[in-house]
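**Q** Test case, fold it:
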Amino acid sequence: MSVPFYVSPEQLMRDRADFARKGISKGRSAIALQYADGILFVAENRSPALHKVAEIYDRMAFAAVGRYNEFENLRIAGVRLADMRGYSYDRRDVTGRALANAYAQTLGAIFSSGGEKPLEVEILVAEIGASTAEDQIYRLTYDGSIADVRGYAVMGGPAEQVADYVGEHYQEGISLAGALRLAVDALGHDSNEVRELTPDQIEVAVLDRTRTQVRKFKRISEETLARILSESSPDTTPSTPAEEAEPKAVEDTPVARSSDDDVPVAPPENPEDDRPL
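**A** From the prediction side, this is the model:
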């Protein structure tokens, strides 16, 4: 009689964690930034149809990196959960914390189960409040770990390198134009060679508390994005002294919010077949 192959639980968990981390690191990074009037999401995404940032409910948004089919299933489940709770009780009962807890339970159960592989995803659940202090950003990893994030969050790809760049230049109360310029520059500093990303290579959306509509989520079109990036100086960051470029960034902030009729436009290139988003 053959002896069954034995693997210690500690080694099994390490192997599953390494598997998930390697899959996530193959994708491209995504950033969430708190700015003066809301929360900005910027993700490097060359796909014309596979979005990494999406709306969940009135004041909530979802961002993810990793395997598209896996985090898209999570997004759909979150939309259904939010709709059911809002319909059964009240729309105010749908909160980002409850949704993040539901995601954490799902991810944790799959990771600890030996019957299926862990999900190769990291996700963000964000809820906008009446003020910056009331905004909530929750980051969830493949094993169900959940963290309450303040200011900014980076996930996917070389996240540590991108997060270091954001941390050096980020400041509370930054304008929308300044936050967008910072996020795009940070995504370009994900390797030893600095890249200049163009509007057709990134996906941008905001949760804007100044919108009069109940739904605060809005995508920024490629035309509006190109205008903001062209009028904002590449060196304009919150930590720089007041220069001529800074007033221009402040004046550009209402431009992105006022064009409510912008049609969402995704980058036109096709994604790599087997590379996570």
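**Q** For the rest of this, base every contact and every neighbour count on C-alpha atoms.
**A** Noted.
**Q** just the strands in the stretch 51-200 of the chain please.
**A** Counting by DSSP state E, counting those that start in this stretch, the stretch 51-200 of the chain has strands at residues 53-57, 60-66, 121-127, 136-140, 146-149, 152-155.
**Q** What ranges does the stretch 1-150 of the chain have for its helices?
**A** Shown for the stretch 1-150 of the chain, the helices assigned by DSSP state H, counting those that start in this stretch span residues 9-25, 68-88, 96-112.
**Q** Run through the stretch 101-250 of the chain and note the low-pLDDT ranges.
**A** Residue ranges of the stretch 101-250 of the chain with pLDDT under 70: 232-250.
**Q** same thing but at 80, please
**A** 114-115, 191-192, 231-250 (pLDDT under 80).
**Q** Can you tell me the closest non-neighbouring residue to the residue most central in space within the chain?
**A** For the chain, the residue whose C-alpha lies nearest the mean C-alpha position (Cα atoms, centre = their mean) is residue 63; its distance is 3.8 Å. Using Cα to Cα, 6 or more residues apart in numbering and skipping residues adjacent in sequence, the residue nearest residue 63 is residue 53, 4.3 Å away.
**Q** now residue 60
**A** residue 127 is the one closest to residue 60 (Cα to Cα, 6+ apart), at 4.4 Å.
**Q** ok, now residue 116?
**A** residue 110 (7.0 Å).
**Q** and that neighbour, how many residues sit next to it?
**A** Neighbourhood size, residue 110 [other Cα atoms under 10 Å]: 17.
**Q** I figured it hits residue 121, correct?
**A** No - look at residue 110 against residue 121 with Cα atoms under 8 Å: they stay out of range, at 11.9 Å.
**Q** Now for residue 68, how many residues are close by?
**A** 18.
**Q** Next one: the residue lying closest to it once chain neighbours are set aside from residue 157, what distance?
**A** Using Cα to Cα, 6+ apart and skipping the chain neighbours, the partner closest in space to residue 68 is residue 277 (6.1 Å). To residue 157, residue 277 is 9 Å away according to Cα to Cα, to the nearest Å.
**Q** do residue 18 as well
**A** Residue 18 is 14 Å from residue 157, by Cα to Cα.
**Q** Same question for residue 133.
**A** 29 Å.
**Q** what does residue 151 give?
**A** Residue 151 is 20 Å from residue 157, by Cα to Cα.
**Q** Nearest approach to residue 13 belongs to which of the strands of the stretch 51-200 of the chain?
**A** Nearest of these to residue 13, taken as Cα to Cα: strand 121-127 at 16.4 Å.
**Q** Okay, now the sheet partners of that closest one, with direction.
**A** Take DSSP bridges as the rule and strand 121-127 pairs in its sheet with strand 60-66 (antiparallel), strand 136-140 (antiparallel).
**Q** now those strands as a markdown table including distance to residue 74?
**A** Output for these, formatted as a markdown table (distance: least, Cα to Cα, whole Å):
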| stretch | distance to residue 74 |
| --- | --- |
| strand 60-66 | 10 |
| strand 136-140 | 12 |
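**Q** so which of the ones you listed is the most packed in?
**A** strand 60-66 (a mean of 27; mean count of other Cα atoms under 10 Å).
**Q** Keeping just the C-alphas, turn stretch 118-127 into CSV.
**A** Taking Å, rounded to 0.1, in the frame of the first residue of the first chain, the C-alpha atoms of stretch 118-127 are listed here in CSV:
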residue,chain,number,x,y,z
PRO,A,118,-6.7,30.7,-4.8
LEU,A,119,-8.1,33.7,-6.8
GLU,A,120,-5.3,35.7,-8.4
VAL,A,121,-6.9,39.1,-7.7
GLU,A,122,-6.5,42.1,-5.5
ILE,A,123,-9.5,44.5,-5.2
LEU,A,124,-10.4,47.9,-3.8
VAL,A,125,-13.8,48.9,-2.5
ALA,A,126,-14.3,52.6,-2.1
GLU,A,127,-17.2,54.6,-0.7
